[in-house]
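Need the 3D shape of this:
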Amino acid sequence: MKITTFLTFVGDQCGKAEEAINFYTSVFPNSEIKSVVKYSEGEPGGTPELIKFGVFTLNGTEYMVSESNYNHAWSFTPGVSLFVACDSENEIDTLFERLSSNGGQIMVPLDNYDSGDYGFGKKFGWCEDKYGISWQLNLSE
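Numbering: from 1, shown residues only. This is a model prediction of the structure:
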């Protein structure tokens, strides 16, 4: 059995999936776009410029992506986020800055938590990127 995170870009984010996966694979090391299949002309759910199904990796972890131009009553929510365990202070600072900038938002400021306020580690922050995906970044040591 294999479980993979699947990101569906709808509403205001529909049409931004390819830009997003190009951005994510540029931010994280050991990352690549493995495949992208676009909708055919007249195919329900999308148009030829939209991703019907795609696969990419971030630091070796596989993700799936799709877009739909149907009028969905949902989109991304901060209730589900990608949790990144960082190896160094430089790494957490750089990733947090890149993910939260250019239209993103900071939900929990990146800060040191030696007192254990969050119980995750020495430094923690939570942000949403410009595509609406939520990221929790943690430095445990």
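
buried set for the lowest-mean-pLDDT helix or strand in the chain?
Between all helices and strands in the chain, the lowest mean by mean pLDDT, DSSP states H and E belongs to strand 105-112, at a mean of 90. Neighbour-count burial for strand 105-112 flags Leu110 (criterion: 16 or more other C-beta atoms under 10 Å). The way it works is simple: take the backbone N, C-alpha and C, and place the C-beta from them, glycine included.

please begin residue numbering at 733 from this point
New numbering, starting at 733: the last item is strand 837-844.

what's the offset of that strand from the middle of its chain?
Once both centres are worked out by C-alpha atoms, centre = their mean, to the nearest Å, strand 837-844 turns out to sit 16 Å from its chain's centre.

From the contact counts, what lies against it?
With contacts defined as 3 or more C-beta pairs under 8 Å, 6 or more residues apart in numbering; DSSP states H and E, the packing partners of strand 837-844 are helix 821-832, strand 855-860.

Just want the angle from the shortest one to helix 821-832.
If you take axes from the mean of the first three to the mean of the last three C-alpha atoms, to 10 degrees, strand 855-860 sits at 20 degrees to helix 821-832.

Can you name every helix or strand that strand 855-860 contacts?
Packed against strand 855-860, as judged by 3+ C-beta pairs under 8 Å, 6+ apart, are the following elements: helix 821-832, strand 837-844, strand 866-871.

Recalculate using a threshold of 10 Å.
Using 3 or more C-beta pairs under 10 Å, 6 or more residues apart in numbering; DSSP states H and E, the elements in contact with strand 855-860 are strand 813-818, helix 821-832, strand 837-844, strand 866-871.

Including distance to Asn754, could those go into JSON lines?
Putting these into JSON lines (distance: least, C-beta to C-beta, whole Å) gives the following:
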{"stretch": "strand 813-818", "distance to Asn754": "17"}
{"stretch": "helix 821-832", "distance to Asn754": "13"}
{"stretch": "strand 837-844", "distance to Asn754": "21"}
{"stretch": "strand 866-871", "distance to Asn754": "17"}
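
Point out where the chain drops to low pLDDT.
Along the chain, the parts satisfying pLDDT under 70 run over 845-852.
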